[in-house]
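>>> Let's see this in three dimensions:
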Amino acid sequence: MQHTIEVNGIKLYAFHGCLVEEEKIGGHYTVDVSIKTDFTASFASDELADTVDYVKINQVVREEMAIRSKLIEHVGYRISKRLQTEIKGLITSKVKVIKHCPPIGGDVNDVAIIIEN
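Coordinates of the predicted model:
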């Protein structure tokens, strides 16, 4: 069976971007993570060890977002790869990285990338 765990709205301040200004002043980001897994063991046991720990997902996102990248595609890929290797029972994942108020010469709320594995 496949079930879904979501950790949405992880709010961060990070320094991603191609512009020198972005490296120096940073900006606001939000990350959403969705993981397909199997809850069957946790249904019976009611134990954290038998499911995916939300704290671990949040930790991976925060650690990878703290490492500067020029592209949010790059940081999203890093998050996705770490989740694949570090989350026991992960079947598939979806990572969405949202960059708020991007400096793209217009009135834009945000830009986002989505990586599904």
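
>>> and the longest helix for this structure?
For the chain, the helix with the greatest residue count under DSSP state H is helix 72-86.

>>> Past that helix, which element shows up next along the chain?
Sequence-wise, the next helix or strand downstream of helix 72-86 (DSSP states H and E) is strand 92-100.

>>> and the gap between I79 and I98?
Going from I79 to I98 by Cβ to Cβ, to the nearest Å gives 13 Å. Yep, even glycine has a C-beta here, placed from its N, CA and C like the rest.

>>> where exactly do the helices run in this structure?
Secondary structure of the chain, counting by DSSP H: helices at 20-25, 40-45, 54-65, 72-86.

>>> will you turn those into CSV that also has distance to V108, mean pLDDT and mean neighbour count?
Formatted as CSV, the helices of the chain follow (distance: least, Cβ to Cβ, whole Å; pLDDT from 0 to 100; neighbours: other Cβ atoms under 10 Å):
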stretch, distance to V108, mean pLDDT, mean neighbour count
helix 20-25, 15, 90, 12
helix 40-45, 41, 94, 12
helix 54-65, 20, 97, 18
helix 72-86, 14, 98, 18
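
>>> Compare those and give me the one nearest I5.
Among the helices of the chain, helix 54-65 comes nearest to I5, with 7.1 Å by Cβ to Cβ.

>>> returning to that earlier point: identify the contacts common to I79 and I98.
The contact sets of I79 and I98 overlap at V31 (Cβ atoms under 8 Å, 6 or more residues apart in numbering).

>>> tell me the mean pLDDT for stretch 88-96?
The average pLDDT within stretch 88-96 is 96.

>>> This completes my enquiry, with thanks.
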